[in-house]
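*Asks:* heads up, no residue letters with this:
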């Protein structure tokens, strides 16, 4: 009765998917895997069991994580740039609509809809 049944695992997986969503789970698993790899390398290094190759692997992982975080910040900056461009284009469109005579403005509204 104290053992974990297969249906317990199924219910647990369903609850996790409902809470976090299917899109975020692969990214979260990747992040946890990288963190575990770094943690394992650091604990080996602290014990003195690692050689020069483990230290360089840890440095490479750290650089990769730093690069990925800077890439995510650059992605956010690109999204902000796109939002700014969209706002500028919308403003230009509104200016053009206001410059058109009434008949063509109504026709443009129909085309947009």
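*Replies:* In hand now; what should we look at? If you're wondering where the values come from, they're calculated on a predicted model, not measured in any experiment. Numbers count the residues shown, from 1 in each chain.
*Asks:* switch to C-alpha atoms for all contacts and neighbour counts from now on
*Replies:* Noted.
*Asks:* how is this protein divided into domains?
*Replies:* Using automatic domain parsing, the domain parsing of the chain gives 1-67, 83-113.
*Asks:* lowest average confidence across these, which one?
*Replies:* With a mean of 73, domain 83-113 has the lowest mean pLDDT of the domains of the chain.
*Asks:* how many neighbouring residues does residue 38 have?
*Replies:* By other Cα atoms under 10 Å, the residues close to residue 38 number 19.
*Asks:* next one: phi and psi at it?
*Replies:* The phi/psi pair for residue 38 (degrees, to the nearest 10) reads phi -70, psi -40.
*Asks:* give me phi/psi at residue 22?
*Replies:* The phi and psi values for residue 22, taken as degrees, to the nearest 10, are phi -70, psi -20.
*Asks:* show me where the chain has helices.
*Replies:* Under the criterion DSSP state H, helices of the chain are mapped to 6-20, 24-47, 52-99, 102-112.
*Asks:* quick check: buried residues in the second one?
*Replies:* By neighbour count, and taking 16 or more other Cα atoms under 10 Å as the criterion, the buried residues in helix 24-47 are 34, 38, 41-42, 45.
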